[in-house]
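A.B. asks: output the structure for:
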Amino acid sequence: MSGQLERCEREWHELEGEFQELQETHRIYRQKLEELTALQTLCSSSINKQKTRLKDLKHTLQRYKRLASREEAELVQQLGANIKERQNVFFDMEAYLPKKNGLYLNLVLGNVNVTLLSNQAKFAYKDEYEKFKLYLTIILLLGAVACRFVLHYRVTDEIFNFLLVWYYCTLTIRESILISNGSRIKGWWVSHHYVSTFLSGVMLTWPNGLIYQKFRDQFLAFSIFQIIMGIFYINTEFCLLIFSDYKVPHRMELSFMSWHCTQLPAWCHHSSKHLLSAYCMPRKPPEVSSLVGA
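C.D. replies: Residues are numbered from 1 along each chain as shown. Now for the predicted structure:
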């Protein structure tokens with residue numbers, strides 16, 4: 001037997017031994033996966049039971065509060081606050097558990113589990129979402145400038161409007177996935193993307209004519225102002241960086257943050273005062289919430 005054939009035989013035996021180890025590792029993986037699925041089902045069932053009982057308890061307390069004395073009213077108020085806090089805890093717990101998709105995701109993706117199970121995966125998806133907004137904003141800005149001042153053709157307008165439709169459709173899908181993973185994005189922030197998708201579709205299918213040409217320049221001039229989204233991106237990336245470095249809870253905030261500045265290190269208040277000033281107000285504008293991140 002030649003030396004080369006012997007080396008091939010030895011290599012095969014080594015591969016055979018590694019394959020046996022791989023099979024055992026894969027068997028353990030499948031076993032753990034089944035255990036994980038069982039634990040997820042158990043947690044989801046327990047949370048639903050707890051939420052139902054808390055809801056009944058809350059209604060009972062509300063009825064009793066009308067007849068309660070002053071001391072009893074204070075106890076009822078404390079229990080109500082505890083119930084509200086517990087519901088927030090359930091919200092964070094459910095961010096790590098599979099859940100049914102909403103109507104929109106079911107229509108677009110079907111019954112696919114979109115829950116990300118680790119903080120790193122949630123943060124990475126949220127960060128990728130922000131970068132997607134930045135890159136497309138730059139492209140759309142350049143497209144709007146070109147169509148407004150250089151390219152006065154219907155075909156280029158259609159390409160630009162189609163890009164707008166695709167961009168806003170993609171945003172709504174990604175934001176729905178973020179919400180499924182614990183993001184507290186404000187409803188109006190998502191809704192305005194649905195409206196933008198519809199209006200972009202109207203522009204795409206609008207027949208060329210005198211009225212279209214009169215409205216076209218105004219629409220393109222307005223589209224140029226999308227550069228403000230770049231400012232939102234810079235703000236968000238700054239906060240995501242701090243969340244990542246200092247492990248502040250709720251890392252899925254989007255544009256305006258909903259946490260207190262006292263959670264940040266002292267140097268942030270001095271070196272980044274112009275950025276943090278927008279975050280020191282209560283929960284309001286386009287929240288972009290809790291990334292544990294999306």
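A.B. asks: gap between the residue nearest the centre of the chain and Thr25?
C.D. replies: Residue closest to the mean C-alpha point of the chain, counted by Cα atoms, centre = their mean, is Leu178 at 2.3 Å. Distance, Leu178 to Thr25, by Cβ to Cβ, to the nearest Å: 33 Å. Backbone N, C-alpha and C define where each C-beta goes, glycine included.
A.B. asks: ok, Arg66 next?
C.D. replies: Distance, Arg66 to Thr25, by Cβ to Cβ: 62 Å.
A.B. asks: any buried residues in the helix or strand encompassing the residue nearest to the centre of the chain, and which?
C.D. replies: Assigned by DSSP states H and E, Leu178 belongs to helix 154-180. Across helix 154-180, burial judged by 16 or more other Cβ atoms under 10 Å covers 157, 160-161, 163-165, 167-180.
A.B. asks: listing request: residues of the chain with sub-threshold pLDDT.
C.D. replies: Along the chain, the model assigns pLDDT under 70 to residues 1, 226-294.
A.B. asks: just to revisit the earlier point, higher neighbour count, Arg66 and Thr25?
C.D. replies: A side-by-side neighbour count of Arg66 and Thr25, using other Cβ atoms under 10 Å, places Thr25 first with 10 against 7.
A.B. asks: so Thr115 lies in a strand, does it not?
C.D. replies: No: Thr115: not assigned to a strand; according to DSSP: H, G, I helix; E, B strand; the rest coil it is coil.
A.B. asks: in the protein, where's the longest helix?
C.D. replies: Determined from DSSP state H, the single longest helix within the chain is helix 3-65.
A.B. asks: what helices and strands are in contact with that one?
C.D. replies: Using 3 or more Cβ pairs under 8 Å, 6 or more residues apart in numbering; DSSP states H and E, the elements in contact with helix 3-65 are helix 70-94.
A.B. asks: tell me the buried residues in the helix it packs on?
C.D. replies: By neighbour count on 16+ other Cβ under 10 Å, the buried set for helix 70-94 is Val76, Glu94.
A.B. asks: can you check stretch 190-204 too?
C.D. replies: Of the residues in stretch 190-204, those buried (16+ other Cβ under 10 Å) are Val190, His193, Ser196, Thr197, Ser200, Gly201, Met203, Leu204.
A.B. asks: check stretch 98-110 too.
C.D. replies: By 16+ other Cβ under 10 Å, the buried positions in stretch 98-110 come out as Asn101, Leu105.
A.B. asks: ok, and what's touching that stretch?
C.D. replies: Applying Cβ atoms under 8 Å, 6 or more residues apart in numbering, the contact partners of stretch 98-110 are 40, 44, 111-115, 172-173, 176-177, 179-180.
A.B. asks: of those residues, which is the nearest to Ala121?
C.D. replies: Thr115 (9.6 Å; Cβ to Cβ).
A.B. asks: dump the residue contacts of that closest one.
C.D. replies: Per Cβ under 8 Å, 6+ apart, neighbours of Thr115: Ala95, Tyr96, Leu97, Pro98, Lys99, Ser180, Asn181.
A.B. asks: with distance to Trp12 added, can I get these in TSV?
C.D. replies: Converted to TSV, the contacts of Thr115 look like this (distance: Cβ to Cβ, whole Å):
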residue	distance to Trp12
Ala95	47
Tyr96	43
Leu97	45
Pro98	42
Lys99	47
Ser180	47
Asn181	45
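A.B. asks: which one among those residues gets closest to Ile211?
C.D. replies: Within these, proximity to Ile211 (Cβ to Cβ) peaks at Ser180, which comes in at 41.2 Å.
A.B. asks: quick one: the closest one from Phe162, how far?
C.D. replies: In terms of Cβ to Cβ, Ser180 sits 28 Å off from Phe162.
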